[in-house]
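Asker: predicted coordinates and the sequence they were generated for:
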Amino acid sequence: MAKIKKILKWGGISILVVFVALVIARMPHAYDKQKTEKQVAKIHATKLTLDDVLGKNLPPDPGAEADKTIAGIDANKNGIRDDVELAIFREYPDSAKVRAAALQYAMALQIGLTQVSNSATLVAMAQERSRAGGCLFKLGGIDEQMIDAIHREDSFKKLILNTDARKNQIEDVYDKYMVSMGSIKGKSDCDIDPASLLN
């Protein structure tokens, strides 16, 4: 009887040790999952504001500092690289509608350069980039919509991915983390409704 109690005691202790080891081994995964969920939520919550579109908080020109890092400079902390934001305002001083779509697209690509760390965050960024592309698409007339949207998206992409390091970074995140994805259901393409802007 004492032998059976001893076996049961050590068996119970062994099961407890294995259970504790499994819990400890799963903790990093649970932490990573929680961290990813927060990052995905942050990516989807990052939105362009009307003040951004109207230029109420334009940053100073970053000069040569703009291209020293992949992230660049974002002095006004709106999620858009300062040199890109200023270039969009120079290119489209009289069209808030185009600025809104271009700034939204720039914000989505900047997320791709700075916030993608796994497949889930890549999907969130790609969904936001797709929304921004859809917003660009809405700017053209009915017949010229597709050509205008492709041209605009290509020119904004060149502006934002203006160094080899930035081009390589965006290619790397797609190569490393790409999985199949769908669009975001029930969400408008444009952060700022173009119809709400005068020009």
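Answerer: Structure's in. What do you need?
Asker: so, low pLDDT: which residues of the protein?
Answerer: Residues of the chain that meet the criterion pLDDT under 70 lie in 1-2, 5-9, 11-12, 14, 16-23, 25-31, 140-151, 182.
Asker: domain parsing of it, as residue ranges.
Answerer: For the chain, automatic domain parsing gives the domain ranges 1-35, 46-196.
Asker: could you export those domains as a markdown table, including mean neighbour count?
Answerer: Heads up, the C-betas are built off the backbone N, CA and C, glycines and all. Compiled in a markdown table, the domains of the chain are given as follows (neighbours: other CB atoms under 10 Å):
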| stretch | mean neighbour count |
| --- | --- |
| domain 1-35 | 10 |
| domain 46-196 | 17 |
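Asker: with D51 as the reference, measure out to N57.
Answerer: 6 Å (CB to CB, to the nearest Å).
Asker: from K176, how far out is the residue lying closest to M178 once chain neighbours are set aside?
Answerer: Ranked by CB to CB, 6 or more residues apart in numbering and with sequence neighbours excluded, the top spatial neighbour of M178 is L122, at 6.6 Å. Distance, L122 to K176, by CB to CB: 8 Å.
Asker: ok, now R99?
Answerer: Distance of R99 to K176, given as CB to CB: 32 Å.
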